[in-house]
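Asks: the following block contains a protein sequence and its predicted model.
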Amino acid sequence: MRPPASLLLLLLSVCAVPQFSRAQTTPPKASAASDNPADAVVPVKLGASSEELAGLWKFHIGDNPAWARPDFNDSSWGTIDLTVPEGSATGAAPGWTAQGFPNHSGYAWYRLHVNLESGNRALSLKMPDSADDAYQVYVNGTQIGEFGKFGEHHVTAYSTLPNAFRLPKNARSGLITIAVRMWMDSATPFSSPDAGGMRGPPEIGYASVIATQIQMDWDEIAHGVGSGFLEVLILVMALLMAVTLFWLDRSEKSYLWLALVCAVTLLGNATVLLVNFTTAIGQTSGLILTDVVLTPLRIGIWVLFWGYWFRLKRMGTLHKSVWPLVILLGATVAMHRPPLFGQIVPVHAGTYLQPLSLVLKLLLAALLLMVAYYGFKRQKTEAGMALVAMLLAAVANYQHELRLIHVKTTFAILHFVISLGTVSTILSLLIITILLLRRFIWAQRLKEQWKLEIQQAREIQQVLIPATLPHIQGLTVESEYRPAREVGGDFFQILPGEAAGTALVVVGDVTGKGMQAGMLVALILGSIRTAARHSSDPARILGMANEELCSREHASATCMILSIGRDGDVQLANAGQLPPYLNGIEVEIEGALPLGIVAGIEYAVTSFPLLPGDALVLMSDGIAEAQDAHGNLFGFERVDQLLSKPITAREIAAAAQKFGQEDDILVLRIQREMETGHDSRPAPQLVNAS
């Protein structure tokens, strides 16, 4: 039985309508315009849920406001399939660069005519979850929304976010025309080989249903980047800890560089979160900040942090190697990112810019390996933990390179997408935190030990260096002692003799500082006091002190002993100390090795009178060796100028300290009081001690 002609026509018309279903898996290339007008209108009947507008959409590159009008004749346009292929790795449909327009960027339009059947309820149009890059949506010629900022000469695009727009009341049923004006940056195809336009079908449905779907999309985004919030929390904690440790111990530079690492990484993560959750930062601005500035900077600071952690000696050379690579890497990446790429830098330049940026990034990795090699040679303690932390830091900074060699960098745990970089950053910071805390605790213990030793040495020094000078008949004695550090190495003693008006004066300088120096001074002065009980001969006393120091290892000191008689006769024996000045003129004495160098030395004795009114000045080498900011020495010429006129010990020490103190300053001034009958001064004489 033949079917009636009307039934045949009905079957043909139904078969001619394109099917918008998920079953369509093979997207065709952009095709020429169809000759059959029946495929120009798509029937959509809404039930309880929404309907995807998948399948073929009219497509045309370029830009013309007239293309938004419903009465515009688009029969000559080609078509693009927005169906997402089953098993798609990205979950998105191929863009226009993979469907016939590989070199196109800028504007393009999509159009679809829909015959809509629904109740008189509010409708919304949900846009695809992936789109390159910005778009405006028109229904029946009226713009109902946009994503991005469309200016007269510039378009600001954002990372795609869940978005839906309400349809006008007059577009709830019947024939409607949906037009989408797309814009894609010229650099976008570089990051996605099948970029371009809508990467999936829009979805039409009741407003309440679409709102639920939008909420679900936001939840999916939160699961995808939610681990970033945990990383941000860890970074904030590590940043606060590093800043606190550096504030407590400014000498440990690795604390400061860890704080910089955390700050830069934190800024990068915050930028990613802002881009993925808000429109506060444009897509181009986010790319420039993260890819061009923060990523090279973060890698460079990581290298420098490990250099400071291992306390490498040539940090200046490391800085000179790191920063040029960081700047070159940032400049290279900038050239294949918007707004330079495709506008100023030609698109074909990407074929060598990408390998160049990879080489520069790998050179920074090579520097990190070099730092690790020399660091482990220099500091083998805690090497295992440091190596693990370094490897994790490298993994966190080279995610793109790991993907190039097919290493999986994302994992789904409890419906959350976890990035390998996030896990690596968190673990590396935890290990580094443990290492830093151990170093800080050890440094504090050492510092407390130093403080105790310094306090003990200071107490010894306070005993050995007289706070108040003894009164010696006929002599006026001044002293000024200014150590370069908390505990100095210079020392002096004035021991009154048994007879009135006599004294034994001892000045010297030991090698080293701190507790060791204090103990050495105690040893020297102890031996001098013991020898002085049996003899007043300064040469013999020096000889006994020399034998005492020679019996010990690594103990040496310069020393000068003067014996002042009641009549002003001075006997001087010297072991490497600077000559004294008599009335501003240097006393000529014989040089000799310091104490503790060679045993059995016989020291010469220089004799000269200290007449009434004469002033004898003894000083340490800290006076002449004072140094200003330009490296100029105070020198003996300035010493001679100071002593050419009456001057106190305090004034001499103050002049050298103001010039620039480098070593301990000791000045001892002994003046014989005036009395009648003394008007001649014999020259000093050198007497053999034997």
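Replies: Nice, thanks for sending it over. Residues are numbered from 1 along each chain as shown.
Asks: how close does residue 402 sit to residue 408?
Replies: 9 Å (C-beta to C-beta, to the nearest Å). For glycine as for every other residue, the C-beta is placed from the backbone atoms N, C-alpha and C.
Asks: these two: which is more packed in?
Replies: residue 402 (15 against 8; other C-beta atoms under 10 Å).
Asks: please look at residue 617 and residue 581 and confirm they touch.
Replies: Yes - assessed by C-beta atoms under 8 Å, residue 617 is found in contact with residue 581 at 4.4 Å.
Asks: when those two are compared, which one has more neighbours?
Replies: Neighbour count, other C-beta under 10 Å: between residue 617 and residue 581, residue 617 has more, with 24 against 20.
Asks: joint contacts of residue 402 and residue 408?
Replies: Both residue 402 and residue 408 are contacted by residue 420, under the criterion C-beta atoms under 8 Å, 6 or more residues apart in numbering.
Asks: quick check: mean pLDDT of stretch 592-606?
Replies: For stretch 592-606, mean pLDDT rounds to 90.
Asks: how far does it sit from the chain's center?
Replies: 55 Å (C-alpha atoms, centre = their mean, to the nearest Å).
Asks: quick one: end-to-end distance for that stretch.
Replies: Terminal residues of stretch 592-606 are spaced 12 Å apart (C-alpha to C-alpha, to the nearest Å).
Asks: give the buried residues for it.
Replies: Going by neighbour count (16 or more other C-beta atoms under 10 Å), the buried part of stretch 592-606 is 592, 594, 595, 596, 597, 601, 603, 604, 605, 606.
Asks: list the contacts of it.
Replies: Here stretch 592-606 has contacts from 508, 524, 537-539, 542-543, 545-547, 549-550, 552, 555-559, 571-576, 587-590, 684-690, using C-beta under 8 Å, 6+ apart.
Asks: after the helix or strand harbouring residue 350 comes which helix or strand?
Replies: According to DSSP states H and E, residue 350 maps onto helix 350-378. Downstream of helix 350-378, the first helix or strand assigned by DSSP H and E is helix 383-397.
Asks: tell me the mean pLDDT over that following helix?
Replies: Mean predicted confidence for helix 383-397 is 84.
Asks: what's the offset of it from the middle of its chain?
Replies: How far helix 383-397 lies from its chain's middle: 16 Å, per C-alpha atoms, centre = their mean.
Asks: distance check, the closest residue in space to residue 149 that isn't next to it in sequence against residue 148.
Replies: In this structure, residue 149 finds its nearest non-sequential neighbour in residue 156, 4.1 Å apart by C-beta to C-beta, 6 or more residues apart in numbering. Per C-beta to C-beta, residue 156 is found 6 Å from residue 148.
Asks: what's the overlap in contacts for the two?
Replies: Shared contacts of residue 156 and residue 148, counting by C-beta under 8 Å, 6+ apart, come down to residue 134.
Asks: who has more neighbours, these two?
Replies: Applying other C-beta under 10 Å to residue 156 and residue 148 shows that residue 148 carries more neighbours, namely 20 against 17.
Asks: who are the contact partners of that one?
Replies: Shown here is residue 148, whose contacts under the criterion C-beta under 8 Å, 6+ apart are 133, 134, 135, 155, 156, 157, 158, 183.
Asks: list the residues that contact the fifth one.
Replies: Contacts for residue 156 (C-beta under 8 Å, 6+ apart) come out as 134, 148, 149, 282, 283, 284.
Asks: using TSV, lay out the contacts of residue 148 together with distance to residue 301, secondary structure and pLDDT.
Replies: Shown next, in TSV, are the contacts of residue 148 (distance: C-beta to C-beta, whole Å; DSSP: H, G, I helix; E, B strand; the rest coil; pLDDT from 0 to 100):
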residue	distance to residue 301	secondary structure	pLDDT
133	31	coil	88
134	34	strand	92
135	38	strand	95
155	34	strand	89
156	30	strand	87
157	30	coil	87
158	29	coil	86
183	36	strand	94
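Asks: grab the longest helix from the protein for me.
Replies: Assignment by DSSP state H gives helix 420-464 as the longest helix of the chain.
Asks: and after it, which helix or strand comes next?
Replies: Using DSSP H and E, the helix or strand that directly follows helix 420-464 along the chain is strand 475-482.
Asks: could you give the mean pLDDT of the next helix-or-strand element following that following strand?
Replies: Per DSSP H and E, strand 475-482 leads on to strand 490-496 as the next helix or strand towards the C-terminus. The average pLDDT within strand 490-496 is 87.
Asks: list the buried ones in strand 490-496?
Replies: Per 16+ other C-beta under 10 Å, strand 490-496 contains these buried residues: 490, 491, 492, 493, 494, 495.
Asks: circling back: quick one: which of the contacts of residue 156 is nearest to residue 193?
Replies: Relative to residue 193, the closest of those is residue 283; by C-beta to C-beta it sits at 17.9 Å.
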